[in-house]
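Engineer: Structure for the following, please:
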Amino acid sequence: MRIKAYQRRKESLSCFECNKRIKSILKKAYPWLGEVNSQALQMASRNLDTAYKNFFQRKEAGFPRFKKRSGRQSFQCPQNCKVDFQKQELYVPKVGLVPCVFHRRFKGDVKTVTIVKEPSGKYFAKVLVETTAVPYPVEKPILRETTVGIDLGIKTLAVCSNGMEFPNHKHLAESEKKLARLQRDLSRKAKGSRNREKARIQVARIHEKIANQRKDTIEKATSMIVD
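Structural biologist: Numbering: from 1, shown residues only. So this is what the prediction gives:
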């Protein structure tokens, strides 16, 4: 709609004008939009507006593009979301109570909840919470005996000046054969078929596993260095 408005009338629609058109035009053309929380639609419009501003201010940001259905999907609920740690449930407007596994508890007011669907088909909820500010501890002086130099390498992940060495695990190389086989299977499947979607999810899951392995290796190494 924003692209057509600029092409036809050289008009740049603002976020507020787009929100008006959601109610007056889009919901009438697409009745299923009424099944979604209205604030989630407005947040999508706001995110689009931010993408346009980034494009005009920083050309390297690139022109806003439509997301693929098979890619990472997300939506935001800026109000009326509630968390129940006792029942292990998250309340999302227009969706209802959703059973969750919380990896940590938190205190404070829930501000925004972002629901994310990864390419592997897994769902995550990212909860933004407002809490009272905690003062930073007083900075300690940098001492020679507690300072370490780190050399990042190729054969090894990191070598520290105190003698600590962290191996560079070849997670991609270890999964390369399996990944190649699954990608061949995906290329043989007919486009739009259920079997292709199943094969796509298998490829996405192995990519997700490799990314998680890399992240786990780096976080364990950094934790050991800091400790």
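
Engineer: Can you verify my assumption that residue 119 contacts residue 197?
Structural biologist: No: with contact defined as CB atoms under 8 Å, residue 119 does not count as touching residue 197 (11.2 Å). For every residue, glycine as well, the C-beta is placed using N, CA and C.

Engineer: for the protein, what spans make up the strands?
Structural biologist: 73-77, 82-84, 89-92, 96-99, 109-117, 123-130, 150-152, 156-160, 165-167 (DSSP state E).

Engineer: wait, which of these is closest to residue 137?
Structural biologist: Among the strands of the chain, the nearest to residue 137 by CB to CB is strand 123-130 (21.4 Å).

Engineer: In the protein, spot the helix with the most residues.
Structural biologist: What stands out as the longest helix in the chain, according to DSSP state H, is helix 194-226.

Engineer: what packs against that helix?
Structural biologist: strand 156-160, strand 165-167, helix 171-188 (3 or more CB pairs under 8 Å, 6 or more residues apart in numbering; DSSP states H and E).

Engineer: do that again at 6 Å, thanks
Structural biologist: helix 171-188 (3 or more CB pairs under 6 Å, 6 or more residues apart in numbering; DSSP states H and E).

Engineer: can you give me the mean pLDDT across the helix it packs on?
Structural biologist: Averaged across helix 171-188, pLDDT comes to 90.

Engineer: which strands and helices sit next to it?
Structural biologist: Using 3+ CB pairs under 6 Å, 6+ apart, helix 171-188 is in contact with helix 194-226.

Engineer: domain parsing for this protein?
Structural biologist: 1-57, 73-130, 147-226 (the TED database).

Engineer: Let me know which of these is the nearest to residue 140.
Structural biologist: domain 147-226 (11.6 Å).

Engineer: Distance across that closest one, terminal residue to terminal residue?
Structural biologist: 10 Å (CA to CA, to the nearest Å).

Engineer: Let me see the residues that make contact with stretch 79-92.
Structural biologist: Contact with stretch 79-92 is made by 39, 77, 93, 97-100, 105, 110, 113, 125, as judged by CB atoms under 6 Å, 6 or more residues apart in numbering.

Engineer: most surrounded residue in the residues you listed?
Structural biologist: residue 113 (24 neighbours; other CB atoms under 10 Å).

Engineer: Distance check, it against residue 48.
Structural biologist: 20 Å (CB to CB, to the nearest Å).

Engineer: same check, this time on residue 145
Structural biologist: 53 Å.

Engineer: ok so, going back, dump the domains of the chain into CSV; add distance to residue 141 as well.
Structural biologist: Converted to CSV, the domains of the chain look like this (distance: least, CB to CB, whole Å):
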stretch, distance to residue 141
domain 1-57, 40
domain 73-130, 32
domain 147-226, 11
